[in-house]
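Novice: need a 3D model of the following:
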Amino acid sequence: MAWFKKEKIPDKKVKIPEGIWIKCDACREIVYRQEVERNLMVCPKCNYHFRISALERIALLFDNFEEMNADLSPGDPLEFTDTMPYAERVRKQQEKTGLTEGIITGTGEISGVAAAGAVMDFGFLGGSMGTVVGEKIVRAVEAAIERGLPFVTVTSSGGARMQEGILSLMQMARTSAAIAMLGEKKLPFISVLTDPTFGGVTASFAMLGDVIIAEPKSLIGFAGPRVIEQTINQQLPEGFQRAEFLLRHGMIDMVVERKKLKSTIADILTLL
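Specialist: Here you go, the predicted model:
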């Protein structure tokens, strides 16, 4: 009877360490993480550009970057509370990201061209623009004017920070006025839009660049597509609010892949 009994085969599952593979948000393919990292966090299967942190972006674009105003941290002027107090939410974000705010500003070189810059980090409260973000942008612009440098921003944001109410909305006017001062001094301003760039950031300094660049397939707009569809009660065209759609309709100047972004910005700044 032993012939008819199945022997239990030992379970020999191969344990794969966590983090070796990554799932693409666009094509849903499972790809080797190191291959994605070698490709500057771009999917080798479909060219989807993963979101990257502000520090990663600075390392990608700038040489000899010197941060400024790193100690500026948000207050809680409205003593705002939703599911938790705003001050506690900020503290948790600071611990999680290692940043004091959702933007890093400073000066450096882009392929040998000196420039001032501001890079947003979506990982910090959705890259939302509050009083400190606005202040850091204004101070970075003032530093650019003082040193006669071009200004480059990289945006990744859901818009104004609701926990700071009207004070966050005021940053739209402040940052736009600062960009106007750059124009008066004939200093170039290049705005790089990455996925996603929305709300009050799009409605202010992000769309005021002398040259506006976007990464492929980045979502860019003011309100989200679902809100727009519900408001106008119409189906939106395919690719609506994607970088390529905006390029076809004259809203931005070019769509540039991440691996070519640094050289493209350096070429533009050299020409300007």
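
Novice: and the longest helix along the chain, what does it pack onto?
Specialist: Criterion DSSP state H: the longest helix present in the chain is helix 165-184. Applying 3 or more Cβ pairs under 8 Å, 6 or more residues apart in numbering; DSSP states H and E, we find helix 165-184 packed against helix 131-147, strand 189-197, helix 199-202. Just so you know, the C-beta spots here come from the backbone N, C-alpha and C atoms, and that holds for glycine as well.

Novice: repeat the analysis, applying 6 Å as the threshold.
Specialist: helix 131-147 (3 or more Cβ pairs under 6 Å, 6 or more residues apart in numbering; DSSP states H and E).

Novice: give me the domain ranges for this structure.
Specialist: 18-50, 51-271 (automatic domain parsing).

Novice: of these, which stretch is the most buried?
Specialist: domain 51-271 (a mean of 18; mean count of other Cβ atoms under 10 Å).

Novice: for the closest residue to His49 other than its chain neighbours, give its distance to Glu229.
Specialist: Excluding the flanking residues, the one nearest His49 by Cβ to Cβ, 6 or more residues apart in numbering is Glu215, at 4.9 Å. Between Glu215 and Glu229 the computed distance is 25 Å (Cβ to Cβ, to the nearest Å).

Novice: cool, and Gly199?
Specialist: For Gly199, the distance to Glu229 - Cβ to Cβ - is 17 Å.

Novice: the residue nearest to His49 and Leu193 touch, don't they?
Specialist: No - Glu215 is beyond contact range of Leu193, at 7.4 Å (criterion: Cβ atoms under 6 Å).

Novice: may I have stretch 218-231 as PDB, with CA atoms only?
Specialist: Extracted C-alpha coordinates of stretch 218-231, given in PDB (Å, rounded to 0.1, in the frame of the first residue of the first chain):
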ATOM      1  CA  SER A 218       3.400  64.000 -15.500                       C
ATOM      2  CA  LEU A 219       0.000  65.000 -14.200                       C
ATOM      3  CA  ILE A 220      -0.200  68.800 -14.300                       C
ATOM      4  CA  GLY A 221      -3.300  70.900 -13.600                       C
ATOM      5  CA  PHE A 222      -5.300  72.900 -11.100                       C
ATOM      6  CA  ALA A 223      -8.200  70.800 -10.100                       C
ATOM      7  CA  GLY A 224      -8.100  67.000 -10.500                       C
ATOM      8  CA  PRO A 225      -9.800  65.300 -13.500                       C
ATOM      9  CA  ARG A 226     -12.500  63.700 -11.400                       C
ATOM     10  CA  VAL A 227     -13.600  67.100 -10.000                       C
ATOM     11  CA  ILE A 228     -13.600  68.700 -13.500                       C
ATOM     12  CA  GLU A 229     -15.700  65.900 -14.900                       C
ATOM     13  CA  GLN A 230     -18.200  66.200 -12.100                       C
ATOM     14  CA  THR A 231     -18.300  70.000 -12.500                       C
END
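
Novice: which other residues reach that stretch?
Specialist: 193-198, 202-203, 236, 240-241, 243, 246 (Cβ atoms under 6 Å, 6 or more residues apart in numbering).

Novice: check contacts around the most centrally placed residue in the chain.
Specialist: When Cα atoms, centre = their mean is applied to the chain, the residue found nearest the centroid is Ser156 (2.4 Å). Contacts here follow Cβ under 6 Å, 6+ apart; on that basis Ser156 touches Met120, Phe122, Gly127, Thr194.

Novice: same thing but at 8 Å, please
Specialist: By Cβ atoms under 8 Å, 6 or more residues apart in numbering, Ser156 lies in contact with Arg51, Met120, Asp121, Phe122, Gly127, Thr194, Asp195, Pro196, Thr197.
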